[in-house]
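1. Provided below are the primary sequence and the corresponding predicted coordinates.
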Amino acid sequence: MASGTGQDMGPVLEVCGLSVSYPTVSGPVAALKDISFSLAAGETLALVGESGSGKSTAALAVLDYLPNGARREARGMHLMGQDLMALRPATLRALRGRRITAVSQHPGTSLNPAMTIGAQLTEVSRHVLGLSRAASHARALALLGEVQIQNPGRVAGLYPHQLSGGMQQRVAIAIALAPEPDLIVLDEPTTALDVTVQRQILELLADLQQRRGTAYLLISHDIHLVSGFADRIAVMRGGEILETGSVRHLTETPAHDYTRHLLASALAPVSVRETAAVSSPALLRVSGLGHRFRNASTSVLQEISFDIAPGRCLGLIGESGSGKSTIGKLICGIHDLQHGRIEMAGSDLPAAGAARSLAQRNLVRMVFQSPDATLNPAHRVGDILKRASYLAGAPDPGARMRALFDLVRLPPELASRYPAGLSGGQKQRVAIARAFASSPKLVVLDEPTSALDATVQKEVLSLLQELQRREQVAFLLITHDLSILPGMADDLVVLKDGKIVEKGPQNQVLNAPREPYTRALIEAGRSIY
């Protein structure tokens, strides 16, 4: 899917000797160490490495989106010949919104939840390109069509929460395209999506690049995925670029042992779970669950029913927009219950999440897909866990915070750091610790490892397995990564368009699926690479 065009058109971006450091109580810590790379028009360069390698910091440094206190130095950084390091902040902001744009990993956090899709696209065309209101509206509809969204007029009137993850990412791509930039930074643009939608988004990006000639700087932890999309790959570790080359050169004759390690990495296999027969009554019982978002023409959930016994893990799978995350949010009280019943430990939970008692809230907690979106960047992680312990009713929040650090195997000295100073795996451990602050009986895991590289993914999955055994907690695991299910789930529920199409023991569903849709999901998971 690589474009292969533009190699002879001169550099769009040229970075020479870029270094970034973050302040800590024990002195500055280097996140990037004298890295250099270039990018031609119509070319895709992928920065690949495991968590903490510095790839996202490199993208943030190019965009000048680094956290307060970060120190950025470079011998040169030029966009189409213009020196980015010499620009005044206001000039750089204008250039960033016009000639450099970005598509983030989680479109739900980059789209404004209070504005319709059409208003967000129209705003870009009016303020960046100076078009009239009518011309901006027409351009918004055209862009939605260009990113292959059906019925652009209807979608333009919806809000982000009314769209599936794949649709949200298409909108984010349309917004990034709106000012017709020279360069788009793609920060893990598909890891939050199921395998079917991943392929669609990558094919869409390749098609748009071929037609527009835009350069892409692609950030990813998955060298296998980018090898079918990028022109060149730069392998990063410890804030340095170890080697750079064409996809074919790096995948067939890698020069560095670390590159060979990345190529050999599987999708984080964990030991197959030994499933025992259920002998205890249900901890969670969901009956006839239904839900419809305001202004939506159809229901997102219809007649959903399942049970989870104490200490068990139920895997919830299905394509983007199938309703998986909506179920998790209803169980946690983030969305109010409209239809059906949710019983926890034999008692009905109130329809309104705000009406739940402290004891009821403490029973169910959630770990979200992106800790970047849920950990307050202005608070130290120790304070985040201390506050969670206080809200859960802990008699000594400080002592409970220290116990939580030990529970998730984090060194106590990290308590004084802000989230930006932690790797992706460390941030997700903090998010897990926060969920366990109330000693819950059920934890909803919403894509808890999709943003992590294979090595860290395996570590986090092993931690969750250990916590489940030690704490005797039940899990509702929402995932599009079918490879983690044999090691995590006892049972599976397969969703399609808000309805359950199949459910049963995980080994039966994965190895002998009854429904064509389930078989298609499994085959898509095997073929994405």
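-> Thanks, I have it. Not measured: the values here are computed from a predicted model. Residues are numbered from 1 along each chain as shown.
2. Count the residues that sit near residue 470.
-> Counted with other C-beta atoms under 10 Å, residues neighbouring residue 470 total 9. Using the backbone N, CA and C atoms, a C-beta is placed for each residue, glycine as well.
3. Could you list which residues are in contact with it?
-> For residue 470, the contact set (C-beta atoms under 8 Å, 6 or more residues apart in numbering) is empty.
4. cool, and residue 353?
-> Residue 353 neighbours (C-beta under 8 Å, 6+ apart): 332, 333, 334, 335, 336.
5. Okay, and which of those map to helices?
-> In this view, the contacts of residue 353 that belong to helices under DSSP state H are residue 332.
6. how close does the nearest residue to residue 479 once chain neighbours are set aside sit to residue 456?
-> Leaving aside its sequence neighbours, residue 479 sits nearest to residue 447 (C-beta to C-beta, 6 or more residues apart in numbering; 5.8 Å). Computed as C-beta to C-beta, to the nearest Å, the residue 447 to residue 456 distance reads 14 Å.
7. just residue 182 next, same as before
-> 33 Å.
8. Give the residue from those two that has the larger number of neighbours.
-> Taking other C-beta under 10 Å, residue 182 and residue 456 do not tie; residue 456 has more neighbours (22 against 19).
9. mind checking the SS state of that one?
-> Applying DSSP: H, G, I helix; E, B strand; the rest coil to residue 456 yields a three-state assignment of helix.
10. residues near the closest residue in space to it that isn't next to it in sequence, how many?
-> Of all residues not flanking residue 456 in the chain, residue 425 sits nearest, at 3.7 Å (C-beta to C-beta, 6+ apart). Residue 425: 22 surrounding residues under other C-beta under 10 Å.
11. Next, residue 425: phi, psi?
-> Per-residue torsions, residue 425: phi -70, psi -40 (degrees, to the nearest 10).
12. Next one: it from residue 70, what distance?
-> From residue 425 to residue 70 the distance is 20 Å (C-beta to C-beta).
13. same question, residue 193
-> 29 Å.
14. buried ones in stretch 134-141?
-> 136, 137, 139, 140, 141 (16 or more other C-beta atoms under 10 Å).
15. CA-only coordinates of stretch 87-102 in PDB, if you can.
-> Output in PDB follows, covering the C-alpha atoms of stretch 87-102 (Å, rounded to 0.1, in the frame of the first residue of the first chain):
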ATOM      1  CA  LEU A  87       9.700  30.700  13.900                       C
ATOM      2  CA  ARG A  88       7.800  32.700  16.500                       C
ATOM      3  CA  PRO A  89       5.200  30.800  18.400                       C
ATOM      4  CA  ALA A  90       2.200  32.500  16.700                       C
ATOM      5  CA  THR A  91       3.700  31.900  13.200                       C
ATOM      6  CA  LEU A  92       4.400  28.300  14.100                       C
ATOM      7  CA  ARG A  93       0.800  27.800  15.300                       C
ATOM      8  CA  ALA A  94      -0.500  29.100  12.000                       C
ATOM      9  CA  LEU A  95       1.800  26.900  10.000                       C
ATOM     10  CA  ARG A  96       0.900  23.900  12.200                       C
ATOM     11  CA  GLY A  97      -2.800  24.200  11.400                       C
ATOM     12  CA  ARG A  98      -2.200  24.900   7.700                       C
ATOM     13  CA  ARG A  99       0.900  23.000   6.400                       C
ATOM     14  CA  ILE A 100       1.300  20.300   9.100                       C
ATOM     15  CA  THR A 101      -1.700  18.500  10.500                       C
ATOM     16  CA  ALA A 102      -2.100  15.400  12.600                       C
END
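16. how about it: buried residues?
-> Of the residues in stretch 87-102, those buried (16+ other C-beta under 10 Å) are 87, 92, 95, 96, 98, 99, 100, 101, 102.
17. One more: stretch 194-210?
-> 194-202, 204-206, 208-209.
18. Can you show me the CA trace of that stretch as PDB?
-> In PDB, the C-alpha atoms belonging to stretch 194-210 read as follows (Å, rounded to 0.1, in the frame of the first residue of the first chain):
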ATOM      1  CA  ASP A 194     -10.700  -3.500  14.900                       C
ATOM      2  CA  VAL A 195      -8.900  -5.500  12.200                       C
ATOM      3  CA  THR A 196     -11.400  -5.000   9.500                       C
ATOM      4  CA  VAL A 197     -11.500  -1.200  10.000                       C
ATOM      5  CA  GLN A 198      -7.700  -1.100  10.300                       C
ATOM      6  CA  ARG A 199      -7.400  -2.400   6.800                       C
ATOM      7  CA  GLN A 200     -10.000   0.100   5.500                       C
ATOM      8  CA  ILE A 201      -8.300   3.100   7.100                       C
ATOM      9  CA  LEU A 202      -4.900   2.100   5.800                       C
ATOM     10  CA  GLU A 203      -6.200   1.600   2.300                       C
ATOM     11  CA  LEU A 204      -8.000   5.000   2.500                       C
ATOM     12  CA  LEU A 205      -4.900   6.800   3.600                       C
ATOM     13  CA  ALA A 206      -2.900   5.200   0.800                       C
ATOM     14  CA  ASP A 207      -5.500   6.200  -1.700                       C
ATOM     15  CA  LEU A 208      -5.600   9.800  -0.400                       C
ATOM     16  CA  GLN A 209      -1.900  10.000  -0.500                       C
ATOM     17  CA  GLN A 210      -1.700   8.800  -4.100                       C
END
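19. what's in contact with that stretch?
-> 1-3, 5, 42, 44, 146-148, 165-166, 169-170, 173, 177, 186, 189-190, 193, 214, 216, 225, 228-229, 318-320, 480, 482, 521, 524-525, 528.
20. now, which of those lie within strands?
-> 44, 186, 216 (DSSP state E).
21. Could you dump these into a markdown table with distance to residue 36 and pLDDT added?
-> Converted to a markdown table, those look like this (distance: C-beta to C-beta, whole Å; pLDDT from 0 to 100):
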| residue | distance to residue 36 | pLDDT |
| --- | --- | --- |
| 44 | 18 | 96 |
| 186 | 20 | 95 |
| 216 | 18 | 96 |
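22. Looking at those residues, spot the one nearest residue 414.
-> Nearest to residue 414 out of the ones in strands among the contacts of stretch 194-210 is residue 186 (C-beta to C-beta; 29.4 Å).
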